[in-house]
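A.B. asks: Let's see this in three dimensions:
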Amino acid sequence: MSARPAKGGGRWVTVPPERLNPWIDGFAARHGPFTATGDRQVVRLVAADGALAELRVPFPPMMPPGPPHVARFVTHAGAARRVGVFLVRLGGYAAGVFHGTELVASKVGSRLVQGRTAAGGWSQQRFARRRRNQAAQAYDDAVETVVRVVMPHLAALDAVVFGGDRRAVEALRPDRRLEPLLVLEREPFLVVPDPRLAVLRDTPALFRAVRIRVVDPE
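C.D. replies: Alright, predicted model coming up:
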């Protein structure tokens, strides 16, 4: 679990789905009995001492919403979904399909992209042109890879999550080959280092985690 300040007050806590029941029990132990309300996007726990916990529904919407709110939320969060993952950084990429936490299909690759500083006496314009060409080829390889790995599973996917470097992903969005995946895109964006196989294997801990905004009583 991790925590960071939340805009508007309180703090964000991330909790693995398997730890939700213990976390909620701990919230009640610290703050007293709570009442639960919610909808398709969020479940709110208001404790006896005024503490608030907003549990954001992962892979919304939660269907059907309504009581018992906590039980429905825990079941929804822990579902074994089929999720496509596409990680991109300049010069590196990884594509995979998960069923729950199991990686059922994957491919990882890389392509050389020169750094930003020219060397060896090249003119700056020539260097910049070569770097742009290398980046374009790397991005094309990345898109071809995700098409080969993830598209065959498209009909069975519950969601697709993107990650790596935001600028790299934004550069790829206009590619029409990605349109079927963009329709299924869900948060969170996975901020990860170079997309190696080990990094790809660890992504379920990020995209399955439940985000909770906690506001302590005054």
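A.B. asks: mind showing which ranges of the chain have poor pLDDT?
C.D. replies: For the chain, the stretches with pLDDT under 70 are 1-3, 111-137.
A.B. asks: For residue 167, see how far away the residue nearest to the spatial centre of the chain is.
C.D. replies: With distances taken as Cα atoms, centre = their mean, the chain has residue 188 as the residue nearest its mean C-alpha position (3.3 Å). Note on residue 188: its distance to residue 167, by Cβ to Cβ, to the nearest Å, is 17 Å. Backbone N, C-alpha and C define where each C-beta goes, glycine included.
A.B. asks: cool, residue 213 as well?
C.D. replies: Residue 213 sits 28 Å away from residue 167, going by Cβ to Cβ.
A.B. asks: mind giving me the domain split of this protein?
C.D. replies: Domains of the chain are assigned by automatic domain parsing as 2-79+208-215, 82-207.
A.B. asks: can you list contacts of the host helix or strand of residue 20?
C.D. replies: In this assignment (DSSP states H and E), residue 20 forms part of helix 20-31. Helix 20-31 is contacted from outside by 1, 13, 15, 34, 45, 47-51, 53, 70, 73-74, 77-78, 210, 212, 214, 217, using Cβ atoms under 8 Å, 6 or more residues apart in numbering.
A.B. asks: Any of the residues you listed buried? List them.
C.D. replies: Among the contacts of helix 20-31, the ones that count as buried by 16 or more other Cβ atoms under 10 Å are 13, 15, 34, 45, 47, 51, 53, 70, 73-74, 77-78, 210, 212, 214.
A.B. asks: Among those residues, give me the pair with the biggest separation.
C.D. replies: 51 and 78 (24.0 Å; Cβ to Cβ).
A.B. asks: Let's see stretch 30-41 as PDB, backbone CA atoms only.
C.D. replies: Taking C-alpha atoms only, stretch 30-41 is exported to PDB below (Å, rounded to 0.1, in the frame of the first residue of the first chain):
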ATOM      1  CA  ARG A  30      -9.600   3.300  13.800                       C
ATOM      2  CA  HIS A  31     -12.700   5.400  13.300                       C
ATOM      3  CA  GLY A  32     -15.700   3.500  14.500                       C
ATOM      4  CA  PRO A  33     -18.700   2.000  12.600                       C
ATOM      5  CA  PHE A  34     -19.400   3.500   9.200                       C
ATOM      6  CA  THR A  35     -22.300   4.000   6.800                       C
ATOM      7  CA  ALA A  36     -21.800   3.100   3.200                       C
ATOM      8  CA  THR A  37     -23.300   4.800   0.100                       C
ATOM      9  CA  GLY A  38     -22.300   4.700  -3.500                       C
ATOM     10  CA  ASP A  39     -22.900   4.500  -7.200                       C
ATOM     11  CA  ARG A  40     -21.300   3.100 -10.300                       C
ATOM     12  CA  GLN A  41     -18.100   5.100  -9.800                       C
END
